[in-house]
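# Based on what follows, work out the 3D shape:
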Amino acid sequence: MPVITGTVQQGATLTVGGHTWDATADTTYSLAWLRCDAGACAPIAGANGAQYTLLAADVGKTFVAVSTAANVDGTASARSAETAVATMAGPRWKTLPLISNSSERVGDTVTMTAGTWSGPVVTSDTTELMRCTNVCVTRGAPNDKSYTIADSDLGAILRVRETASNVGGQSIVWSARYVGPVVSAQAAAGVLSSGETALRNAQGSTLATAKLSAPLARAAAARPKATKGPKVTLRRSGKVKGKLVAWACPAAIEAGANPPPCSAKVTLRKSATLTLPAMVTGKVRVVVVQR
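Residues are numbered from 1 along each chain as shown. Predicted coordinates:
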């Protein structure tokens, strides 16, 4: 019997499989999708492949796939179970929100541009500038078009978060591009490679050095059930005065996705260790800020 899999929601694609026939070599096969309303089902014009993408007209309906085999001895059909009722989808992003390039320094101004959406009509749409360290917080007012980087943004990356809603639900996306980490004489950042990596501020001075405890790919493979991820060891430069605060985050950011998980912040006196979440893979960015 055919089996339909997939999310029964506007814009999603259903797939039918799991059906085979014990038949002669001259047998031909066909597949049809049926749209059902209150138990009455009718073929969907042009829907005769293994997949079907749900349209706005499909909301509130259920679906059946019918596989038919025919040869000189006759015709037989097998019918799938009826799906759940198709629901309306939340907004789907067409283009992501944008943040302008910047020299990533305090006093610079960045600009934000909202993304665009496809699918059901959006009833509300809000963009916000977010300052992300090991957590993300809102900067400025909703739907602001520009923002001036402040001292409190040191060490952070700045991204745009956009939230859109309609009767089908709510969708949240983030800009793929970001500004930062924001550096100055009091802040430094670096992406770790093999050996120790110097974390230099905007003037070229080393505030600290950082080293990854093990290659991430190997560490992840060795700890399939671990609750803690790879570690970064930090060592403070002997010439640096004042309080140093440090954290580490995955360097790669997936387009549209939420910020990746980071370590907690630590105070760096002489040395310190940053522990990243267990799911972290790929390159790591370390930030240190002088308070």
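# Strands of the stretch 1-150 of the chain, start to end?
3-5, 13-17, 28-37, 40-43, 51-53, 62-71, 74-79, 92-95, 98-99, 109-113, 116-118, 124-132, 136-139, 146-148 (DSSP state E, counting those that start in this stretch).
# a markdown table for those strands, including mean pLDDT?
Below are the strands of the stretch 1-150 of the chain laid out as a markdown table (pLDDT from 0 to 100):
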| stretch | mean pLDDT |
| --- | --- |
| strand 3-5 | 94 |
| strand 13-17 | 93 |
| strand 28-37 | 94 |
| strand 40-43 | 95 |
| strand 51-53 | 95 |
| strand 62-71 | 94 |
| strand 74-79 | 91 |
| strand 92-95 | 91 |
| strand 98-99 | 96 |
| strand 109-113 | 94 |
| strand 116-118 | 90 |
| strand 124-132 | 96 |
| strand 136-139 | 96 |
| strand 146-148 | 94 |
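# and residue 171, which of those is closest to it?
strand 92-95 (6.8 Å; C-beta to C-beta). For glycine as for every other residue, the C-beta is placed from the backbone atoms N, C-alpha and C.
# And the next helix or strand past the lowest-mean-pLDDT helix or strand in the chain?
Lowest mean confidence among the helices and strands of the chain (mean pLDDT, DSSP states H and E): helix 216-222, at a mean of 45. Next in sequence after helix 216-222, counting helices and strands by DSSP states H and E, comes strand 228-236.
# So in that sheet, which strands flank that following strand, and in what orientation?
strand 206-212 (antiparallel), strand 271-277 (antiparallel) (DSSP bridges).
# ok, residues contacting it?
Contacts to strand 228-236, defined as C-beta atoms under 8 Å, 6 or more residues apart in numbering, come from residues 192, 196, 207-214, 216, 219-220, 223, 244, 246, 248, 263, 266, 268-280, 284, 286, 288.
# Could you point out which of the strands paired with strand 228-236 sits nearest residue 169?
The nearest among the strands paired with strand 228-236, by C-beta to C-beta, is strand 271-277 at 27.4 Å.
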